[in-house]
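Asks: got a structure for you, letters missing:
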């Protein structure tokens, strides 16, 4: 795990002193070592967090033993040992025990199609000295971040935005469309970033530069053509084994390793699978809050006791949250959208005292239909479609948006309103995903959107918060094999009615009142681990990482919120009309809008980010 940066096809020499400074700006991603390679056609830089093969020989950027290929790589390849044996049988030589060298030799054997052999999380830069070809590759589902830009006849890439926006000659310009996307969905989607001219390499893509020509192509996507009608006992055993194997291969590490533990089915299933690998107590970590109804300690303690884990708990106080949010922005280079990011960051700082690698349950909700209110919305659509005349996509978009465009338009400046253009650019991304999944039912289309548009934003949160504390996060439920298999499984095995009676009662209720009252979310995951984890954990209702934002913004944060946003020097004026914003806040804080706290979290953190970067 590390941070990578590079410059390709520069017509002028890269300033080595300034380049080193950019490399070191990512020291939090790699505090253990660093490396730089400057050659005629490219410069690669690297900050190392040592996880596999802790020796100096495994440092990067790395050149193969024949001096033909150079690589800078951020991530982990979980099947590298098996690949190494295959490559040795084909005559390849190795000088280290690292997964980095395995990628190098795999490239020499299979070319860039070697990526199809890798199971892992990765952002890879490869320069082939023989063909003069450069490749930039991001893993299949977007676990590791990768940004790039074209600047004055130079191609620049980096694990973090700071390596690009601080590059000599780069002029920061705010991307207002990405800001509008952030306010509705908590992150920027697709290729967009918050800086004009800077892009994300999308998951499953390869960018190639050769002879001054740039080509981008997709090397992997979920196969939506497969679909099972029913699940045999044998297939269920296969799914259970696949989940356990996804966990097992992610426990390979030369440094201490642990797991997040909320006491929900996702984290408990991971702990269960981890317990098969060792007889020693597993280090687990839980975030708690003092506010009533937001403490999961009972369930995390239950799971820890059941699997004899050593559980460390961290109490997060709202009073310190905004201070830490301002600090976290500097690591992330982006506004903080997820309501639990600060809590995860503070926990990462705490758990770094004990471990360097942490397993987390991200990705489970997307493949097992865990977001009940959203995943049950097609049930609403069938009964309401003739009333509104909305397409499936537009109906889903309305349900999913945190901050509706109609509400944003009420307080946007005229310029912002014009640029946002009713968020048509965002809606287009959703519509394209629905078109790609057009042969699947409405439930499957929602899963596909969550896996391809929502999940990368969630994974970015986990990467940036953990790496800010020099911690590597591994996500077993984002194993591409498991993701594909779950897209083959019918919805009724993921989201199941509790009985015929519950189904009949649900006919008279909206999805918001149905989820986990009349149906069971993530049914198949709970069914697979029945008897393996405490029944109380299987039976408990889902609790999305609880943060008491409504309480905080109506009480603890209220005074500071208004001071930050409504002062004369507030940067939020670039986005919102302050007078209209003031009226909107006064109206909302007295209302019963359950999303008021989340909306204010987005607006306030956008202010913090604008101050830091503009």
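Replies: Good, I have the coordinates. Owing to the predicted nature of the structure, the values given are computational and were not obtained by experimental measurement.
Asks: how far off centre is stretch 211-231?
Replies: 19 Å (Cα atoms, centre = their mean, to the nearest Å).
Asks: between the two ends of that stretch, how far is it?
Replies: 51 Å (Cα to Cα, to the nearest Å).
Asks: give me the buried positions along it.
Replies: Across stretch 211-231, burial judged by 16 or more other Cβ atoms under 10 Å covers 220, 222, 224, 231. Just so you know, the C-beta spots here come from the backbone N, C-alpha and C atoms, and that holds for glycine as well.
Asks: among those residues, name the ones in strands.
Replies: Judged by DSSP state E, those include no members of strands.
Asks: just name the closest of these to residue 371, please.
Replies: residue 222 (17.8 Å; Cβ to Cβ).
Asks: now do that closest one, the pLDDT please.
Replies: Looking at residue 222, its pLDDT is 96.
Asks: could you pull up the residues touching residue 129?
Replies: 67-70 (Cβ atoms under 8 Å, 6 or more residues apart in numbering).
Asks: ok, now residue 276?
Replies: Residue 276 neighbours (Cβ under 8 Å, 6+ apart): 244, 248.
Asks: roughly how far apart are residue 584 and residue 415?
Replies: 18 Å (Cβ to Cβ, to the nearest Å).
Asks: any idea which residue is closest to the centre of the protein?
Replies: residue 459 (1.0 Å; Cα atoms, centre = their mean).
Asks: thought that one was touching residue 475?
Replies: Yes - counting by Cβ atoms under 8 Å, residue 459 does reach residue 475; the two are 7.0 Å apart.
Asks: who touches both of those two?
Replies: Common neighbours of residue 459 and residue 475 (Cβ under 8 Å, 6+ apart) are 143, 362-363.
Asks: between the residues you listed, which is nearest residue 603?
Replies: For the shared contacts of residue 459 and residue 475, the nearest to residue 603 is residue 362 (25.2 Å; Cβ to Cβ).
Asks: contacts only, for the closest one.
Replies: 455, 458-459, 462, 473, 475, 477-478.
Asks: let's see it at 10 Å
Replies: Neighbour list for residue 362: 143, 260, 266, 455, 458-459, 461-463, 473-478 [criterion: Cβ atoms under 10 Å, 6 or more residues apart in numbering].
Asks: the longest helix in this structure is where?
Replies: If you go by DSSP state H, the chain has its longest helix at helix 596-613.
Asks: buried ones in that helix?
Replies: Quick answer for helix 596-613 (16+ other Cβ under 10 Å): 596-610, 613.
Asks: number of nearby residues for the closest residue to residue 425 other than its chain neighbours?
Replies: Residue nearest to residue 425 in three dimensions, not counting chain neighbours: residue 177, with 5.5 Å by Cβ to Cβ, 6 or more residues apart in numbering. A count of nearby residues for residue 177, using other Cβ atoms under 10 Å, gives 20.
Asks: give me the pLDDT value at residue 177.
Replies: Predicted confidence (pLDDT) for residue 177: 97.
Asks: for residue 548, same thing?
Replies: For residue 548, the predicted pLDDT is 72.
Asks: pretty sure it sits against residue 601.
Replies: No - judged on Cβ atoms under 10 Å, residue 548 makes no contact with residue 601 at a distance of 11.2 Å.
Asks: so what sits against both of these two?
Replies: residue 339.
Asks: what comes into contact with stretch 83-91?
Replies: By Cβ under 10 Å, 6+ apart, stretch 83-91 touches 77, 79-80, 92-94, 97-99, 101-106, 108-110, 114, 117-119.
Asks: what about 7 Å?
Replies: 94, 102, 105-106, 109, 117 (Cβ atoms under 7 Å, 6 or more residues apart in numbering).
Asks: give me the mean pLDDT for it.
Replies: For stretch 83-91, mean pLDDT is 97.
Asks: mean confidence for the host helix or strand of residue 513?
Replies: Element membership for residue 513, per DSSP states H and E: helix 511-514. For helix 511-514, the mean per-residue pLDDT is 90.
Asks: buried stuff in it?
Replies: 511, 514.
Asks: what packs against it?
Replies: Where contact means 3 or more Cβ pairs under 7 Å, 6 or more residues apart in numbering; DSSP states H and E, helix 511-514 is packed against helix 377-388.
Asks: following the helix it packs on, which helix or strand comes up?
Replies: helix 392-400.
Asks: other residues contacting the following helix or strand past that next one?
Replies: Per DSSP H and E, the first helix or strand lying C-terminal to helix 392-400 is helix 405-411. Residues from elsewhere that reach helix 405-411 (Cβ under 7 Å, 6+ apart): 180, 183, 417, 422-423, 576-577, 580-581, 584.
Asks: try stretch 317-335
Replies: 28, 160-162, 165, 182, 194, 336, 341-342, 345-346, 464-465, 468, 548, 552, 556-557, 560, 605-606, 608-609, 612.
Asks: now it: buried residues?
Replies: 318, 321-322, 324-326, 328-329, 331-335.
Asks: roughly how far is it from the heart of the chain?
Replies: Distance, centroid of stretch 317-335 to centroid of chain: 18 Å (Cα atoms, centre = their mean).
Asks: and for stretch 179-186?
Replies: For stretch 179-186 - counting by Cα atoms, centre = their mean - the centre lies 15 Å from the chain centre.
Asks: run through who's touching that stretch.
Replies: Counting by Cβ under 7 Å, 6+ apart, 188-189, 192, 194, 335, 337-338, 401-403, 408, 420, 423, 426, 457, 575, 602, 606 sit against stretch 179-186.
Asks: of those residues, buried ones?
Replies: Members of the contacts of stretch 179-186 classed as buried by 16+ other Cβ under 10 Å are 188-189, 192, 194, 335, 337-338, 401, 403, 408, 420, 423, 426, 457, 575, 602, 606.
Asks: quick one: contacts for residue 524?
Replies: By Cβ under 7 Å, 6+ apart, the residues touching residue 524 are 368, 489, 493-494.
Asks: by neighbour count, which of those residues wins?
Replies: With neighbours taken as other Cβ under 10 Å, the top of the contacts of residue 524 is residue 368, carrying 25 neighbours.
Asks: quick one, what contacts that one?
Replies: Counting by Cβ under 7 Å, 6+ apart, residue 368 has contacts 486, 494, 522, 524-525.
Asks: check the buried residues of helix 596-613 and tell me the two furthest apart.
Replies: Going by Cβ to Cβ, the pair spanning those furthest: 596 and 613, at 26.5 Å.
Asks: which strand or helix spans residue 5?
Replies: Under the assignment here (DSSP H and E), residue 5 is part of strand 2-8.
Asks: mind listing what that strand pairs with, with the direction of each?
Replies: strand 42-48 (antiparallel), strand 154-158 (antiparallel) (DSSP bridges).
Asks: next SSE after the first one?
Replies: This means strand 42-48. By DSSP H and E, the next helix or strand past strand 42-48 is strand 62-63.
Asks: just want the angle from the following helix or strand past that next one to strand 42-48.
Replies: Moving toward the C-terminus from strand 62-63, the next helix or strand (DSSP H and E) is strand 69-77. Interaxial angle of strand 69-77 relative to strand 42-48 (axes from the mean of the first three to the mean of the last three Cα atoms, to 10 degrees): 30 degrees.
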